[in-house]
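>>> requesting a structural model of the entry that follows:
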Amino acid sequence: MEIILKAAIVGITGTILALVIKKTNPEISGALTLIICTVIAGMTLKALTAIKEVLELVELGTDFSSAYAAPILKCVGIGITARLGSDICKDSKQEAVASSIEVCGAICALYVSLPLIKTLLRMIGELA
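Numbering: from 1, shown residues only. Take a look at the predicted model:
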């Protein structure tokens, strides 16, 4: 995919630039890292839009409900966001904050998946 190639080029170039700047001005280096992550996330949104369109087509053509897909997509989004936030904090030597973001991400993913879990439990109850 061309998106990953562009993201890799932006990421590697930005990382080299941030490392060079970090020696003289670590604050600007941190801000540059955030900008790089934002640019790459924006590039990724194009792919997510295409995935959403396919899921909508599947939903229209089958009994597949968005009630099943939405929690899964939200969990993926939460996982990606938590990972990126955590990694940025780790780069800034803020390990405790990074761990807090990871725990928050896990709890948020569980919370978002509760409707799916309830539906699954109901289906299992009806089989018994």
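>>> so which helix or strand of the protein has the lowest pLDDT on average?
helix 26-61 (a mean of 84; mean pLDDT, DSSP states H and E).
>>> tell me what that one is packed against?
Other helices and strands packing on helix 26-61, by 3 or more CB pairs under 8 Å, 6 or more residues apart in numbering; DSSP states H and E, are helix 2-22, helix 66-91. Where C-beta positions appear, they are placed from N, C-alpha and C, glycine not excepted.
>>> what about the first one, distance to the chain center?
This points to helix 2-22. Counting by CA atoms, centre = their mean, to the nearest Å, helix 2-22 is centred 19 Å from the centre of its parent chain.
>>> quick check on F64: phi, psi?
phi -70, psi 120 (degrees, to the nearest 10).
>>> before we move on, the earlier item: lowest-confidence stretch among the helices and strands packed on helix 26-61?
Per-stretch mean pLDDT for the helices and strands packed on helix 26-61 is lowest at helix 66-91 (a mean of 87).
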